[in-house]
Each structure stands twice: as C-alpha cells, then as structure tokens.
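Undergrad: Structure, please.
(2 chains)
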Amino acid sequence: DAKTTQPPSMDCAEGRAANLPCNHSTISGNEYVYWYRQIHSQGPQYIIHGLKNNETNEMASLIITEDRKSSTLILPHATLRDTAVYYCIVRALNQGGKLIFGQGTELSVKP
Amino acid sequence: GAVVSQHPSWVICKSGTSVKIECRSLDFQATTMFWYRQFPKQSLMLMATSNEGSKATYEQGVEKDKFLINHASLTLSTLTVTSAHPEDSSFYICSAPDHTDTQYFGPGTRLTVL
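TA: As a prediction, the model looks like this:
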C-alpha cells in the first residue's frame, strides 16, 4: 500500500472549517483514500473515503486532486469534539483489507 | 455505520497470567477481523489478521504463540495474550470490514500487566 504524509499537528478555531492535507504521491490506480480519526483512548472512527471524485457525507468532505497525489479532508464547522488525531490511509479494496496507519495529524480545535 | 464491540474495555492482570479479549461485529458478519496494538503517543500497529475457519496471519515481529487468535464465528474473534508481562501493557483494538469493505473499529481494550 502507498504511504501517506500528513502534518503532525494543526490548530483550528471553533466554528471555522478545518482543512487537513494528505500527500500520497505514490498512490496506485486501484487504491482508495480513507480517512479515520481517533479521539483520545477510543478506537478509530471511520470518516470518509474516495477514489478520484470528491466525496461528502454528514461528517466531512474529501477533496482529491485530479492527479490523485494529494487530498484534503474538510470539516466544515469544527467543534471542540472534533479534536482528535486524523489518519489518512490509502489502500486497495478487497486485497487483504488491512489498514496501515501512519502518524496522522493531531487536530486541536480551540474556542 | 457498522458497530464493533470489544470486551472487556479494560483489564488489569498479574504478570504471567493470560488475558482474553473479545471482538464482536454486532450487526454484520466478518470473515476477517484485524487486531492492532497502540502504545502511548504512538500510532496503531497491526498485529494480525484473524480469519474465520482458518489460522490467523501475523505481521512480522509478532509472536504467534504469545498472541493467540481464534476466529470462532462470523461475528467473533478473540485475542489471548499468554503469559503476559508488563511490556505487553497496551491498548488493543480490533476492526472488521463490512460488506462495502470499509473497516470499523472497536472501542479498544486497555491492558495493564502488573
């Protein structure tokens, strides 16, 4: 599976949009981009995933560049409860299924 | 999304004893489940893949005789830490893929070995 690069930490003001970048320059054509987050002392929570088109759900939006070498997770109106470590992971479907976690981005939402 | 549970949520045991952790998919079936370990201020590290009806597949460096995995049914996988020692103290997390192959994680089990 391709590796990802994320900034180690970011701050965001409560109520503002949080934009979390991820670089995955070696992504293969059949690999999806997945985002998870982990609030302290809990299991990771699935957020969103996509292949090449932008995706949106009730939690976030995922913007993938046309060359697929990078993506951005957008939390449109961050709240204090969004403070967590956010992981960007790339993997192909139905090929063993395992997720390999990097170090992620520690997002701190401040009042 | 799909729900995965773990039991117990935390456990304290004496050095040399064995501890069993259960992982259940509550509203879906999973032929494969995954076990991770996480030390403080570190990321999740994949330990093994649990396969229903066959042997687990362990990642490099993970002792299969120390971390016994049994995938008894399509909704249950267990991880047994045998002869636990203080260095095995960690946060153990399982995951399972639903029918869309999206992984859902359990809440984790905090193991403390005295």
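Undergrad: Give me the distance between the residue in chain A positioned nearest to chain B and A:Ala60.
TA: Closest to chain B within chain A is A:Gly43: 3.8 Å, counting by CB to the nearest CB. Heads up, the C-betas are built off the backbone N, CA and C, glycines and all. Using CB to CB, to the nearest Å, A:Gly43 is found at 18 Å from A:Ala60.
Undergrad: Comparing the two, which residue is more hemmed in?
TA: Set side by side, A:Gly43 and A:Ala60 show more neighbours around A:Gly43, with 22 against 19, by other CB atoms under 10 Å in any protein chain shown.
Undergrad: So the residue of chain A closest to chain B: helix, strand or coil?
TA: Following DSSP: H, G, I helix; E, B strand; the rest coil, we place A:Gly43 in the coil state.
Undergrad: quick one: contacts for it?
TA: Neighbouring residues of A:Gly43 by CB atoms under 8 Å, 6 or more residues apart in numbering or on different chains: B:4, B:6, B:93, B:95, B:105-108.
Undergrad: mind checking the backbone torsions on it?
TA: In terms of degrees, to the nearest 10, the main-chain angles of A:Gly43 are phi -70, psi 160.
Undergrad: With adjacent residues omitted, what lies nearest to it?
TA: B:Phe105 (3.8 Å; CB to CB, 6 or more residues apart in numbering or on different chains).
Undergrad: For burial, what's the neighbour tally of the one you found?
TA: 23.
Undergrad: I figured it hits B:Val4, correct?
TA: Yes - counting by CB atoms under 8 Å, B:Phe105 touches B:Val4, with 6.1 Å between them.
Undergrad: list residues touching both of those two?
TA: Shared contacts of B:Phe105 and B:Val4, counting by CB under 8 Å, 6+ apart, come down to A:43, B:94-95.
Undergrad: Would you reformat those residues as a markdown table and include pLDDT and distance to B:Glu87?
TA: Shown next, in a markdown table, are the shared contacts of B:Phe105 and B:Val4 (pLDDT from 0 to 100; distance: CB to CB, whole Å):
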| residue | pLDDT | distance to B:Glu87 |
| --- | --- | --- |
| A:Gly43 | 97 | 22 |
| B:Cys94 | 97 | 21 |
| B:Ser95 | 96 | 24 |
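Undergrad: so which of those residues comes closest to A:His24?
TA: When the shared contacts of B:Phe105 and B:Val4 are ranked by distance to A:His24 (CB to CB), B:Ser95 comes first, at 20.7 Å.
Undergrad: Which strands or helices does the helix or strand that contains the closest one pack on?
TA: Using DSSP states H and E, B:Ser95 sits within strand B:90-97. On a contact count with 3 or more CB pairs under 8 Å, 6 or more residues apart in numbering or on different chains; DSSP states H and E, strand B:90-97 meets strand B:4-7, strand B:19-25, strand B:32-38, strand B:76-81, strand B:103-105, strand B:109-113.
Undergrad: okay, the closest residue to chain A within chain B: pLDDT?
TA: Residue nearest to chain A within chain B: B:Phe105 (3.8 Å; CB to the nearest CB). pLDDT recorded at B:Phe105 is 97.
Undergrad: Now do the contacts for it.
TA: With CB under 8 Å, 6+ apart, B:Phe105 has these contacts: A:36, A:43-46, B:4, B:93-95.
Undergrad: Just give the closest residue to the residue nearest to the spatial centre of chain A, not the sequence neighbours.
TA: What sits nearest the mean C-alpha location of chain A, by CA atoms, centre = their mean, is A:Trp35, with 3.4 Å. Nearest residue to A:Trp35, sequence neighbours excluded (CB to CB, 6+ apart): A:Ile47, at 4.3 Å.
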